[in-house]
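Asker: just a sequence and a predicted model for now, questions to come.
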Amino acid sequence: MSSNADIYHEMIIDYSRNPINYGKIEDHDVTFHDSNPLCGDSIDIDMKIEDNKVTDIKFHGRGCAICMACSSVLTEITKGKNLDDVRHIEKNDVLSELGLEHLQAVRIKCALLSLKVLKSALYTYLGDHLKDSQDMDKLKEEAANLY
């Protein structure tokens, strides 16, 4: 293993043992749950949103080391961002933080479960708060093109 690979491996192990932003937000503005039945990963994300910005985000559940590490990294990336910036977070934004850009296909669902949950939570929140039907149609199209 190269030294970069060693560093990323250590980061994944550390995040899985000591996840960042792990827990629940009792007075959340939106929450969403999803799971990956193939490997048993199960993640919930709670968000607190004020003035169109994610002021707090936490995740809870269980998952493999890659799932837990990616969930931690994603919550770090998301916290403090405005909702439009969160809408534009992509898979490589998460994967590159942990050196997982070339992850095997069998593990990619583990790595991206939290992103799927985050985007679902975000679209749920936005859908509940949109008043314009054209904006809703754009949101539905954007959500349909995620995966």
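Answerer: Looks like it came in fine.
Asker: so what's residue 55 up against?
Answerer: Listed by CB atoms under 8 Å, 6 or more residues apart in numbering, the contact partners of residue 55 are 48, 49, 79, 80. Every C-beta, even on glycine, is put in place using the N, C-alpha and C of the backbone.
Asker: ok so it is a strand residue?
Answerer: Yes: under DSSP: H, G, I helix; E, B strand; the rest coil, residue 55 falls within a strand.
Asker: if I look at it, how far off is residue 75?
Answerer: 12 Å (CB to CB, to the nearest Å).
Asker: quick one on the thing from earlier: go through the contacts of residue 55 and name the one nearest residue 6.
Answerer: Using CB to CB, residue 79 is the member of the contacts of residue 55 that lies nearest residue 6, at 27.8 Å.
Asker: pull the contacting residues for that closest one.
Answerer: 21, 54, 55, 56, 57.
Asker: drop anything exposed from the residues you listed.
Answerer: Listed as buried from the contacts of residue 79 are 21, 54, 56, 57; burial here means 16 or more other CB atoms under 10 Å.
Asker: fine, thanks again, bye for now.
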